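1. Turn this into a model:
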Amino acid sequence: MMATARDGLRALDRTADAAGMVLERDAPLAPLTTLRVGGPADRLATADSIDDLVALRGLADEAGVPVFLLGKGSDLVVADAGIRGLVIRVRAGAMIVEGTTVRAEAGTSMTGLAKRCAREGLAGFDWGISIPGSVGGAVWANAGAHGGDMAGIVREVEVYDPRDGSRRTLAVDDCAFAYRDSRFKRSPEVVLSAMLALTAGDPAEVSAAIDAHQAQRRATQPLADQNAGSVFRNPPGDHAGRLIEAAGLKGHRIGTAQVSTLHANFIITDRGAGGAERARASDVRALGEHVRAVVADRFGVELRYEIEFVGEWTEDRA
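-> Numbers count the residues shown, from 1 in each chain. Sure thing, here's the model as predicted:
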């Protein structure tokens, strides 16, 4: 690590100690992700509230240390070398329900929120049961399933802007939502919370819809295996899984990673006891690149990743 990077981490340690904030050094990240791959974070902290999140981000900026926000650990592949700087695990999960409006903090579980909405008799968010991430990540990626997405229900997003230290509220029209995309993928703004507009419904009917979604996922997705969700975005007018299966790639393996035999748009990793037996992020990326190359050669379609490759990679092919 360069001296300047070490100096930044030392400065971060000092300011965090002075502020009474706990930082874990060389913290393993693989156990905090659904794919169970990747190396350590230089520093790891947990934000149990949005105020903690803002404070930690401010400390890192002051020390000149890069920051990565980690939610539920889905939809991402952490490099085997890990992530440099500070990883903030976002656990701020407060929810407020007022009539048909829900305000949820960034660390709120999407599946937990879907179940809460069902109990409250709120319709329009049953599809959220199929998103294994948190609200902040779902807003960032405009996550969706079963014909629904965040763009369809978000009305406001509260953000922190590290460029000027301000906290403000953005209307949905300012979020630039598109298919699996938003302004937040191109902005340093940190999602703190989101206000969702739902509709009144029957709790039994909403619960039945959730049960149906869960049954479909169990039947069609490798939920019992280590995976990061859908690997590729669906190309216009088609499905990535169909193309991958048609290319004969179901079950194809590179090292410790394999294309799922249940759903071709999922890559699963081997379970191991640790050390050399642990699944490798490099295998996941190599397999993803192989799938892209074969599909492009067979069908002339360039698959785009839906998962994110994060951390210290030797090259950036995504």
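
2. Gly137 versus His146, what's the distance?
-> Taken as Cβ to Cβ, to the nearest Å, the spacing of His146 relative to Gly137 amounts to 18 Å. Yep, even glycine has a C-beta here, placed from its N, CA and C like the rest.

3. Mind checking which of the two has more residues around it?
-> Gly137 (26 against 16; other Cβ atoms under 10 Å).

4. burial of the spatially closest residue to that one that is not a sequence neighbour, as a residue count?
-> Counting by Cβ to Cβ, 6 or more residues apart in numbering, the nearest residue to Gly137 once its immediate chain neighbours are dropped is Gly71, at 4.3 Å. Number of residues near Gly71 (other Cβ under 10 Å) recorded here: 26.

5. Tell me which residues touch Gly71, please.
-> Under the criterion of Cβ atoms under 8 Å, 6 or more residues apart in numbering, the neighbours of Gly71 are 90, 106-107, 133-134, 136-137.

6. just Tyr160 next, same as before
-> If a contact means Cβ under 8 Å, 6+ apart, then Tyr160 has 50, 53-54, 57, 166-167, 189-190, 192 as its contacts.

7. Quick check on it: phi, psi?
-> Recorded main-chain torsions at Tyr160 are phi -110, psi 130, according to degrees, to the nearest 10.

8. same thing with Ile153?
-> phi -130, psi -20.

9. Would you mind giving me the confidence score for it?
-> According to the per-residue confidence, Ile153 scores 98 in pLDDT.

10. Look up how far Asp174 lies from it.
-> Taking Cβ to Cβ as the measure, Ile153 and Asp174 are separated by 16 Å.

11. Same drill for the two, tell me which one is more crowded.
-> Counted by other Cβ under 10 Å, Ile153 and Asp174 do not tie: Ile153 has more neighbours, with 20 against 13.

12. how about low-confidence regions in the stretch 151-300 of the chain?
-> Low-confidence segments of the stretch 151-300 of the chain (pLDDT under 70): 272-277.

13. Run through the strands of it in chain order.
-> Ranges of strands within the stretch 151-300 of the chain are 154-161, 166-171, 190-197, 199-200, 226-227, 253-254, 257-259, 267-269, based on DSSP state E, counting those that start in this stretch.
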